[in-house]
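1. I'll drop the sequence and a predicted model, then ask my questions.
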Amino acid sequence: MVSKRNAGAALLISSLLVGCGHEAQVPQAPVQEVSVITARRAAVPVTTDLPGRTSPYLIAQIRARVDGIVQKREFQEGGTVTTQQRLFQIDPAPYRAALESAEATLARARANLASTRAQAERDEVLVAANAISQQKYDNDVAAQAQAAADVAAGVAAVRVAGINLGYTDVVTPITGRIGPALVTQGAYVQASAATLLATVQQIDPIYVDLAQTSVEGLQLRQQVAAGRIKLNGPDKTPVRLMLEDGTSYTRNGTLEFTGITVDSGTGSVAVRAIFPNPDHVLLPGMFVRAIIEEGTNDQAMLIPQVGVTRDRTGRASVLLVGADNKVVQRQVTTSRTLGDNWVVEAGLNDGDRVIVSGLQRVQPGMVVRAGQ
């Protein structure tokens, strides 16, 4: 019998003989698969996103212009009022009496003028015949002039009294939505205190007041000067609006003006846009975000956000699949996001294959298999 020791030696010799005829096989790592998109230049809209609040197109504070007791209110709080609609009635009795008194004074002045005029005309004939003294005639002419002045003063007094009587009908100078009444029937209001009675706001159209940093404001003014953005004429720059709940406002507005003063506290410049608001969806004081459409950039590229990474300093980069299927890292310049994409201004060429899936499994220099 062959001992176990001899059997082991024989097995070892057999293994060595086999190894001399074949090299050892080293397992290789599988080639990683990644998804790529092909970078292409396209016309990318250039926009500026600014925060802001809505404000009324017109606002009128309805105040008392005469003293008196409020007799009645003639509008529905929160409703729509039209130009020259009566809102409040202040007791007109004392002002009607003042008008009647002024009219009576005017009538007396006119009667006196007629008398003095007739006397002056008679004395003109008599003084020519030396029937009266020149002094008497001069006095009659002066009396006529004084009577004419009294008539003019009376006419003015009647006009003032009529104006004051008209002020007892408190009307709105604009069409718009009216807020709550700030006085009730029986309240005493004063012209000297300019008692506030109500407020009317026109909100169709409506303004959107925006805040832009001074640097962005400088760029905006430069673009206006270059003709890329228009603040007047039929081709005003369009503006879109995002509401507080994240939805888009259905109507576009236009850019009205950009301010020329930088707020020392915030470092921002005022920008104003105007929007149609026939359905009164926009109310004064709402927080919104306006998107100013400045034009298009024909040299930019749209790269999905998942394909762009940033280092600790904030520099953006992408991973590309080169012609030899090796991974290459490339730094890029991004300006903003547009939907789910980054707008890449520089760093990529037409036809570059940008990895957008499988980034975690690859590193620069690795050979990969690219798929769409």
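-> Sure, I can see it. Numbers count the residues shown, from 1 in each chain.

2. please count neighbours and contacts with C-alpha atoms only from this point.
-> Fine.

3. hey, where'd the helices end up in the stretch 151-300 of the chain?
-> Under the criterion DSSP state H, counting those that start in this stretch, the stretch 151-300 of the chain carries helices at the ranges 214-226.

4. how about low-confidence regions in it?
-> Along the stretch 151-300 of the chain, segments meeting pLDDT under 70 span 220-221, 223-224, 227-235.

5. change it to 90
-> Scanning the stretch 151-300 of the chain for pLDDT under 90 picks out 211-238, 246, 255-271, 292-300.

6. quick one: the strands in it?
-> For the stretch 151-300 of the chain, applying DSSP state E, counting those that start in this stretch gives strands covering 169-171, 176-178, 188-189, 196-213, 238-242, 253-262, 268-275, 287-304.

7. can you put the ones you listed in CSV and add mean neighbour count and distance to residue 97?
-> Listed next are these as CSV, based on neighbours: other C-alpha atoms under 10 Å; distance: least, C-alpha to C-alpha, whole Å:
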stretch, mean neighbour count, distance to residue 97
strand 169-171, 21, 16
strand 176-178, 23, 32
strand 188-189, 18, 19
strand 196-213, 22, 25
strand 238-242, 20, 56
strand 253-262, 18, 50
strand 268-275, 21, 48
strand 287-304, 19, 52
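
8. nearest to residue 35, of the ones you listed?
-> Taking C-alpha to C-alpha, strand 287-304 is the member of these nearest to residue 35, at 12.0 Å.

9. distance between that closest one and the chain's centre?
-> Distance of strand 287-304 from the chain centroid (C-alpha atoms, centre = their mean, to the nearest Å) equals 18 Å.

10. and the angle from that strand to strand 238-242?
-> 100 degrees (axes from the mean of the first three to the mean of the last three C-alpha atoms, to 10 degrees).

11. between strand 287-304 and strand 196-213, how many degrees?
-> Inter-element angle recorded for strand 287-304 and strand 196-213: 20 degrees (by the same axes, to 10 degrees).

12. which neighbouring elements make contact with strand 287-304?
-> strand 42-63, strand 238-242, strand 341-346 (3 or more C-alpha pairs under 8 Å, 6 or more residues apart in numbering; DSSP states H and E).

13. CSV for these, including distance to residue 87?
-> Formatted as CSV, those follow (distance: least, C-alpha to C-alpha, whole Å):
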stretch, distance to residue 87
strand 42-63, 9
strand 238-242, 35
strand 341-346, 55
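
14. out of those, flag the one nearest residue 279.
-> Distance to residue 279, taken as C-alpha to C-alpha, is lowest for strand 42-63 among these, at 14.4 Å.

15. residue 78 contacts residue 177, doesn't it?
-> Yes. Residue 78 is within contact range of residue 177, at 6.2 Å (criterion: C-alpha atoms under 8 Å).

16. residue 121: helix or strand, and which one exactly?
-> For residue 121, the enclosing helix or strand under DSSP states H and E is helix 93-128.

17. which strands and helices sit next to that helix?
-> Using 3+ C-alpha pairs under 8 Å, 6+ apart as the contact test, the elements touching helix 93-128 are helix 134-166.

18. just the buried positions in the helix it packs on, please.
-> Buried residues in helix 134-166, counted by 16 or more other C-alpha atoms under 10 Å: 137, 140-141, 143-144, 146-148, 150-151, 153-155, 157-158, 161-162, 164-166.

19. again with stretch 172-184
-> 172, 173, 174, 175, 176, 177, 178, 179, 181, 183.

20. how far off centre is it?
-> Distance, stretch centre to chain centre, for stretch 172-184: 24 Å (C-alpha atoms, centre = their mean).

21. what of stretch 172-189?
-> That offset, for stretch 172-189, works out to 28 Å (C-alpha atoms, centre = their mean).

22. what of stretch 127-135?
-> Distance of stretch 127-135 from the chain centroid (C-alpha atoms, centre = their mean) equals 79 Å.

23. now what about that stretch, what contacts it?
-> Residues from elsewhere that reach stretch 127-135, judged by C-alpha atoms under 8 Å, 6 or more residues apart in numbering: 123, 126, 137.

24. nearest to residue 366, out of the strands of the stretch 151-300 of the chain?
-> Judging the strands of the stretch 151-300 of the chain by C-alpha to C-alpha, what sits closest to residue 366 is strand 287-304, at 22.0 Å.
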